[in-house]
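A.B. asks: Quick one: sequence and predicted model below, then my questions.
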Amino acid sequence: MPVFKEPNDDLKAPIFVLQPGEKCIPLDHAVAKVYAYTQVRCGEREGWVADDDFLKQPPH
């Protein structure tokens, strides 16, 4: 799943790509522009994912 520096960034230029099984925490920020985005923290990295691509699950 691609992760972007800012909401509505160029969807062809992610700052990193989440790998299967990699865990991220949704942060308190969300933005609705052309798409809905949620800010996430993945270990030491942070960025924005399109909500259509991101399934929010409660922490275990």
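C.D. replies: Sure thing, it's come through.
A.B. asks: before we move on, what SS does D28 have?
C.D. replies: strand (DSSP: H, G, I helix; E, B strand; the rest coil).
A.B. asks: excluding its backbone neighbours, what's nearest it?
C.D. replies: Distances taken as C-beta to C-beta, 6 or more residues apart in numbering place Q39 nearest to D28, at 7.7 Å, with adjacent residues excluded. C-beta coordinates here come from the backbone N, C-alpha and C atoms, glycine included.
A.B. asks: Would you mind naming the residues that bridge with that neighbour?
C.D. replies: Per DSSP bridges, the residues bridged to Q39 are W48.
A.B. asks: ok, it to I25 distance?
C.D. replies: Relative to I25, Q39 is positioned 10 Å away (C-beta to C-beta, to the nearest Å).
A.B. asks: now Y37
C.D. replies: For Y37 relative to I25 (C-beta to C-beta), the value is 15 Å.
A.B. asks: Of those two, give the one with the bigger neighbour count.
C.D. replies: Neighbour count, other C-beta atoms under 10 Å: between Y37 and I25, Y37 has more, with 24 against 12.
A.B. asks: Chain neighbours aside, what residue packs nearest to that one?
C.D. replies: P7 (4.0 Å).
A.B. asks: Name the residues of stretch 36-51 that come out as buried.
C.D. replies: Buried residues in stretch 36-51, counting neighbours by 16 or more other C-beta atoms under 10 Å, are found at Y37, T38, Q39, V40, C42, E46, G47, W48, V49, A50, D51.
A.B. asks: List just the nearest of the residues you listed to P14.
C.D. replies: Taking C-beta to C-beta as the measure, P14 sits nearest to G47 out of the buried residues of stretch 36-51, at 7.7 Å.
A.B. asks: ok, the closest one - contacts?
C.D. replies: V3, F4, K5, P14, I15, F16, Q39, V40 (C-beta atoms under 8 Å, 6 or more residues apart in numbering).
A.B. asks: Repeat that for C24.
C.D. replies: So C24 contacts L18, V40, R41, C42, V49, F54 (C-beta under 8 Å, 6+ apart).
A.B. asks: Kindly recompute the last result at 7 Å.
C.D. replies: L18, V40, R41, C42 (C-beta atoms under 7 Å, 6 or more residues apart in numbering).
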